[in-house]
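[1] Just the structure for this:
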Amino acid sequence: MKIRRYKPGEEIQLMEVFISSVRENAANYYSQEQLKAWAPNSIDHEEWENKMNRINPFVILDNDIIVGYADLQLSGYIDHFFVRGGYSGRGIGKQLMNFLLQKANENEITELSSDVSLAAQPFFKKFGFKTILRKKVEIRGVVLENASMKKNMLINGN
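    Now for the predicted structure:
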């Protein structure tokens, strides 16, 4: 598997990863109504493209297929972290998170933070993230639960 920066023109593949990740990987944690609000059937392509350009994520590829993506902002905030539906349990998320941790160290980022879904919280905890605040957020008129999580990079250096 190879990790590299996203390239303009890959927005549709990233949208596919996002939608399949939410609908398949989070299906046991949220209702169908919540999943459809979070990852609706129609997403504004221009808005999505602008978002991907803004967060400038890293992608992980299995041959030429993008199987996951995640960003790391200079502030230490991880806005998106998604593994394609059907690819869970193959170590993709682990490789991607280890890559982000390495990038954080290279950029001397001392704290990572993210707003993490119920489905992803156990995964983030394995990497030393702590729950700071449990929240309810409204997306397209539907309330979902998530948590603000943080990881101090100065403890154990990773």
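[2] Which residue ranges of this protein form strands?
    2-5, 58-62, 65-70, 77-78, 81-83, 111-117, 130-139, 142-152 (DSSP state E).
[3] for these, which one sits closest to residue 44?
    Closest to residue 44 of the strands of the chain is strand 130-139 (C-beta to C-beta; 14.1 Å). Glycine gets a C-beta too; all of them are placed from N, C-alpha and C.
[4] Which secondary structure elements does the closest one sit against?
    Contacts defined by 3 or more C-beta pairs under 8 Å, 6 or more residues apart in numbering; DSSP states H and E place strand 130-139 against strand 111-117, strand 142-152.
[5] can you do 7 Å?
    strand 142-152 (3 or more C-beta pairs under 7 Å, 6 or more residues apart in numbering; DSSP states H and E).
[6] Give me whichever of the strands of the chain is most buried.
    strand 81-83 (a mean of 24; mean count of other C-beta atoms under 10 Å).
[7] hmm, back to that, okay if I get the strands of the chain as a markdown table plus mean pLDDT?
    Converted to a markdown table, the strands of the chain look like this (pLDDT from 0 to 100):
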| stretch | mean pLDDT |
| --- | --- |
| strand 2-5 | 96 |
| strand 58-62 | 96 |
| strand 65-70 | 97 |
| strand 77-78 | 98 |
| strand 81-83 | 97 |
| strand 111-117 | 97 |
| strand 130-139 | 95 |
| strand 142-152 | 96 |
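[8] okay, these in a markdown table with distance to residue 33 next?
    Formatted as a markdown table, these follow (distance: least, C-beta to C-beta, whole Å):
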| stretch | distance to residue 33 |
| --- | --- |
| strand 2-5 | 34 |
| strand 58-62 | 30 |
| strand 65-70 | 26 |
| strand 77-78 | 26 |
| strand 81-83 | 20 |
| strand 111-117 | 15 |
| strand 130-139 | 11 |
| strand 142-152 | 6 |
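[9] closest one to residue 35 among those?
    Here strand 142-152 is closest among these (C-beta to C-beta), at 9.1 Å.
[10] can you list contacts of that closest one?
    Contacts with strand 142-152, where a contact means C-beta atoms under 7 Å, 6 or more residues apart in numbering, come from 30, 33-34, 37-38, 111-118, 121, 124, 127-137.
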